[in-house]
Every structure is written in structure tokens, then in C-alpha cells.
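[1] just need the structure, nothing else, for what follows:
(2 chains)
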Amino acid sequence: MEFSCLYFDGKSSEGRAAQLRIDSEGTLTLILANQPLVIKKGHYSIPARLANLPISIELTEGGVIQLPVSAHLGQLLDRITASEFGWLHSIESSYRKIFACVGGAVVAIWLAWALLIPALATAIAPTIPMAARVSLGEQIIEFLDKWVLSPSALTDDERRRVDVLARRLMLAGERDAISILTRKMDNEGANAMAVPPNTIIFTDQLVRTLSDAELQAVAAHELGHLDLDHGMINLVRGSLLTIAGVLVLGEVIDSDVVVSLALGFLNSSYSRSQELEADEFAVHRLVQHSLPPEALGSALQKIAPADDQQRSLEFLSSHPSTPERIERIRKAHESTRQVGN
Amino acid sequence: MTFIHPSPAQIRPAETARSQSLQATFTGSASEYFPIWLANILLTIITFGLYSPWAKVRRERYLLGHTWIGNSNFEYTADPVKIFKGRLIVGALFIAYTVLGNISVLLSGVLLVVIVLLLPWILVSSLRFRCRYTRYRGIHFQFTGSPGNAIMPMLIWKAIGGLTLGLAYPYAKFKAREFVVNHTAFGRTPFVFRAVPADFYRAYGLAVVTSLGIAALIALSLFLNLNVLLVLSVFLLYPFILAVWVGLRAYIARVTWHQAGIGEMKISFDISWVHYFFLVLVNAFAIVFSLGLATPWAAIRTYRYQTERLSLSGVQDLNLFVAATQQNLSSFADQASDIYDVDLEFGF
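    Predicted coordinates:
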């Protein structure tokens, strides 16, 4: 087939009208001022097609042949050049195909977020060496002591009470490894936290508010966080999520603030499921020691601020709502009892 | 075999008329660009961003390919693999900086100094990349500045601009723009920068005076306890900041290119900052209310507006431009910088 074209020699901007013959083998014959010039396959390249832009055939020896796109030319080029991006042009030319791809991408992202990233994090977390864990834990405690916590004002007796109660729950190996700290917390009041690899911090307010059974229930919950390695999993998952988020969202959304908000939102929904896991761990541990698991529920109720808005903000929160947790604790307890019977 | 002679409506040899004016036109459309944009985003997402150099090439090819002057379109000819390699280097530097920052403050400081020292080279490489892979009528643009040339306008003057509390900043901007324009060439035909520092002082002066104006308005309403005025000025603050920011950009782009020339030809870039501001404002609303789906529409509108404000006068013959010599294109520094493409903002 023969096409009218414009030939630029690449040395000057002069465009010369010419004819281009393309045969089925992909050999080009450029007829310029009645002089045929044969260009074999491999001596030219054609960029992937894009929309209806004119087609430029770039000659290896220099020079460009430009010709307007037409249906005939398009079909011919698709046949002679096995373009790597032919499929892309086909998708881009059809609204139906592009929307089907959007659906596919949504599914892919959801799978990555719900399965791939948590699985990777769970697989990578155990490989973090103990030395790194210890040094990280020290840094976290240092940070907390500097910005969030102040020294405990508990009496020695009060401190001993937490220590004894918490240790009573532990298995032999845990008893030597885990250290129990008490601190004062200015704003949030009653709280407890697990700092990897082996520290549990109770706040003064918590120790003074809770009964013995409740205190042990909270200790069991925090022990669950440590035992299930949540801290390290969070660390790895946060890094994975940040990398993926910056790579993906950073390309699409041109705002660091939006990207980090979105990532924080995604991360918080993971941590809610960890709270439930730790609750479950606590119930089992308490039952093992013939302690009442209901104490965890009543401890939560004492700590939780009576806040009606909590439910509406549930999706943004790092902890599930207290009623939801109490309900789950009750169920977990029932199922253990059935197993026990 | 059948012989088909489609009439090439858009491609013809340039008329060899006497001196004439040529208006740039843009033939892209939002409906055609939308699937390209969407495919770019999707592929970027499912490849965790690895596709983004390819996406960039398709986007640039589309936008430049639909930009016409005198029956010829522009072409973007960059190889995405080269952009990909360049980004790997940037990524490696970034990771090295982050990791070193955790290990030793001293080492990361050293790396930061190295990066700053490399800045002229990075800037020039990026400009070179952009020019070299832009083609019009078979000829590539080229950037002739060297990293050495870039040190004064891009580092020293910028620093002086900062040290003088911004007083010299418009002059620094002037020097930077002068450097960019005067070292750009179409083939062997150089661009000529004709703006004067006063243009830049006027632009920044205007921005500062209007900013002080709104600050005074807020202060006044606080002082007089006029709540209505306060609410109004706070409500208008965001559009106002946008107006100053966008207006300044448009104004600077205009003074940079409006009087510039290419060889004997004169460029006209008659962009109005008021029009441009309203364009950007409407774009922002459209993007927000369409949850981002209007992004390609906004991009096409912006690009069309900019293109259609561009024209050339004193055009003798579009056939007479000459490509840069081969020797010029294959110097070592050029090869080294060939892979380096970072998106830096130089105005439109």
C-alpha cells in the first residue's frame, strides 16, 4: 500500500513531500523525487501508536517519515510491527475496556491491602534480629519518657502489686524476659501499653482505678500484643504501606498531606484488628489461669471515656469501640468454655 | 495491490511565503485524553509506580503531539527506559540519604552537601533531556548550557536572593530564566531572552503589595472588631493565595517568553494572569467535585490555553532551520546526562 507522507532528513527542517510504499514483509520504499529508497525492516522504528496522532517512522540512518494516521495505515502497522504496546492502544481507544481495567485495579488494590501487605509483614517481622528489637524498644521508651510520660508517683506497695499480679499470669519463660514499668500519663490517664520486645507500661491512673482481676486482664491483653509480635508487624507493615503508598498514590495524588492521611487511615484499620487479637489472647490466658475473663470487659469500661461519638468515628480509630470489644470478649469466653467442657 | 492516497490534511510542506505570523494550535481533546490518563494511572498503580516513566512518555507524547505550529506538530521522543534509570538513581540517592540519616548525622550531612554540589549538573541534565527529546519537523531542540554555566544563576544568585531577605530574589529569578532561555536552541538556532529585571521586580512587587493588602484587611477587621469583614477575608483567603501564586507564575511565564525570540523570529506568549487564574480556579473546583475524574479535562484546558496564547512572528521559512551537528550531540557530558530526567519546574 502506498501513502502520501512528508520526509525530514533530520539535518534540516525542510519537509519534502514523498510517497511511502509499505509491503507485507515490513519493507518500506520511500519515493522521493521519483527516486526509490528501500528501507528494510530493522532499519527503522515506529513508536507505539497513541490516539490519532500522526505516525513518525524514525530511520536508523537518520531522518523521519511522518504520515497522518488512517484506518488502513493503522491496520497495516499493527500487522508488520509487533508493537509491545499495541494492547495499550487498544485499551485506550475503548471506554468499555478502560472501565473494565479500572474494576480490575480496584480488586487488585484491595487484595494487596487486605492480604498481600499483612502476609508480607507477618512473614518479614520474625526475621528482625533481637538486637534491633531491643535497641528499638529502648528508643521508644526513651521517646515516651521524654514527650508522653512522666515518672510514676505510685508507692512501692502499689508498684509491687502490679508487678506481682502481672507476673502471676506469665509463663516461665516470660517471667524472666518481660519487664513491668509504671509511669504517670498527663492527659489520657488510665492506659497500658506494650513496647516491643518485652516491656509493658502501666500508668499510675490505671493501677489505681482497676481491681486486681481487671489489672491482670489488662496485663494479659498487653502480653498478647508482645506475644503476637504486633509491634514488629506494625513496623514492617507501616514501612511496606509507606513504600507502596508513595509509589502508587504519590503518582496519582499530588499532595503529601493527602497521601499520609490516607496511609494513616489504612494503618489504623489494621491496628483495630490487632486489638481484637490481643483481647482474644487475653481471654485464653485468663481462662488458663482460672481467672475471670469478664474482668477485661469491665476494665475496658472503666478506661473508656463515655463518648457517644466514638461509634461514628470508629472507622478512623485505632481501637475498636468498647461495646464491640466487650461483646467479642464475651463470645471468645463462651467458646473457650465450650472447648474446656 | 490498491494504492491509497489519503489527503494529508494536517501534514504539508510549509508554505514558502514571505515573513508571516504563525499561531500555535492545540488539537487534543479531553474525551480522547481521558482513557490515556486513566490507563496511565491504572498501570502505574498495578506496577507499584514502576510504570510511571512510560506513563510520562505517553502523556507528553499526547500533549506535544497535538501542539501544532504551521502544519507541523511537536513530538516527544524520550525513551522511558532512560527516564526509569534516572529515577532509579534519584531513588537510590534518597534511600542512601534516609539510611545514612539514621546511622550518622555527619554522613548524611556530607551526602546532602554532595547533592547540593550536584544540583547544577542535575538541573542542566534535566533541561538537556527535555530539549533533546522534543522534536519539530525532524529537528530536535537542544540545551547548550553546562553545569558550570548554571552555578551562578541557579545557585549563587538564588542564595543571594535568600540572603538579602528576598530583595534580590526577583533578580535571581531573572538570571535563572535568562540562563534557561538563552541556552535553549531549536537545532542550531538559539532562543534569545529579552526580558529585563524590571519585569520581574514588577511581578513580585505586585504580589507582595496585594498580599500586604489582604493582611491589612484582616488586621483592620480584627482591630475594628468587624466580624463580617473578618469572615469574608478569611473565606476569600484561599482563592486569594491561589490568585497571587497562579498569577505570579503566569506573569513570570509571560515576561520570560513574551518578548523572546528564536533566531530572527519573535515569540509572542500573550498569557493573561487573570484568565489563567480563573482557569486554574475552575479546574480546582472541577477536580474536587468530580473526585479527580476531571483531571484530564483540566489538563487539556490548561494546555490548550497556554498553547493558543503562543505565536511566532517574522517567520521566513520553516524549512530553513538546521539541526545541531552530530559532534555536538555526542559529547561525554551529554551521554552521562542522557538518562537524567527529573521534573523540575521552569515555568511553562
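[2] where does the stretch 51-200 of chain A dip in pLDDT?
    Along the stretch 51-200 of chain A, segments meeting pLDDT under 70 span A:82-85, A:187-188.
[3] and whichever residue of the stretch 51-200 of chain B sits closest to chain A, how many neighbours?
    Residue nearest to chain A within the stretch 51-200 of chain B: residue B:138 (2.5 Å; Cβ to the nearest Cβ). Where C-beta positions appear, they are placed from N, C-alpha and C, glycine not excepted. For residue B:138, the count of nearby residues is 27 (other Cβ atoms under 10 Å in any protein chain shown).
[4] what does residue A:200 give?
    Residue A:200 has 22 nearby residues by other Cβ under 10 Å.
[5] and the host helix or strand of residue A:298, average pLDDT?
    For residue A:298, the host element (DSSP states H and E) is helix A:294-303. Taken as a whole, helix A:294-303 has a mean pLDDT of 84.
[6] roughly how far apart are the closest residue to chain B within the stretch 1-150 of chain A and residue A:146?
    Chain B sits closest to residue A:8 of the stretch 1-150 of chain A, with a gap of 2.5 Å, by Cβ to the nearest Cβ. Relative to residue A:146, residue A:8 is positioned 68 Å away (Cβ to Cβ, to the nearest Å).
[7] which ones are touching residue B:297?
    B:30, B:34, B:286 (Cβ atoms under 8 Å, 6 or more residues apart in numbering or on different chains).
[8] which stretches of the stretch 51-200 of chain A form strands?
    Counting by DSSP state E, counting those that start in this stretch, the stretch 51-200 of chain A has strands at residues A:55-59, A:64-67, A:149-151, A:179-185, A:192-195, A:199-203.
[9] using CSV, lay out these together with distance to chain B.
    CSV is the format used below for the strands of the stretch 51-200 of chain A (distance: least, Cβ to the nearest Cβ, whole Å):
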stretch, distance to chain B
strand A:55-59, 6
strand A:64-67, 5
strand A:149-151, 24
strand A:179-185, 26
strand A:192-195, 19
strand A:199-203, 22
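[10] which one, of those strands, ends up nearest to residue A:279?
    Evaluated over those, closeness to residue A:279 peaks at strand A:192-195, with 13.1 Å, by Cβ to Cβ.
[11] which helices and strands does the closest one pack with?
    helix A:130-147, strand A:199-203, helix A:212-227, helix A:230-252 (3 or more Cβ pairs under 8 Å, 6 or more residues apart in numbering or on different chains; DSSP states H and E).
[12] elements contacting the third one?
    Helices and strands in packing contact with helix A:212-227 are listed as helix A:156-169, strand A:192-195, strand A:199-203, helix A:204-209, helix A:256-288, helix A:294-303; criterion 3+ Cβ pairs under 8 Å, 6+ apart.
[13] now do the shortest one
    In this structure, strand A:199-203 makes packing contacts with helix A:130-147, strand A:179-185, strand A:192-195, helix A:212-227, judged by 3+ Cβ pairs under 8 Å, 6+ apart.
[14] highest mean neighbour count out of these?
    Scoring the helices and strands packed on strand A:199-203 by mean neighbour count under mean count of other Cβ atoms under 10 Å in any protein chain shown gives helix A:212-227 as the most buried, with a mean of 23.
[15] and that helix, what's its mean pLDDT?
    91.
[16] now stretch B:137-153
    Stretch B:137-153 comes out at a mean pLDDT of 90.
[17] about what we covered before: mark which of the contacts of residue B:297 are part of helices, please.
    Under the assignment DSSP state H, those contribute B:30, B:34, B:286 to helices.
[18] can you give me the buried ones in stretch A:90-98?
    The neighbour-count criterion (16 or more other Cβ atoms under 10 Å in any protein chain shown) identifies A:91-93, A:98 as the buried residues of stretch A:90-98.
[19] out of the contacts of residue B:297, which one has the lowest pLDDT?
    residue B:286 (89).
[20] circling back to that earlier point, separation between the residue of the stretch 51-200 of chain B closest to chain A and residue A:12?
    For residue B:138, the distance to residue A:12 - Cβ to Cβ - is 8 Å.
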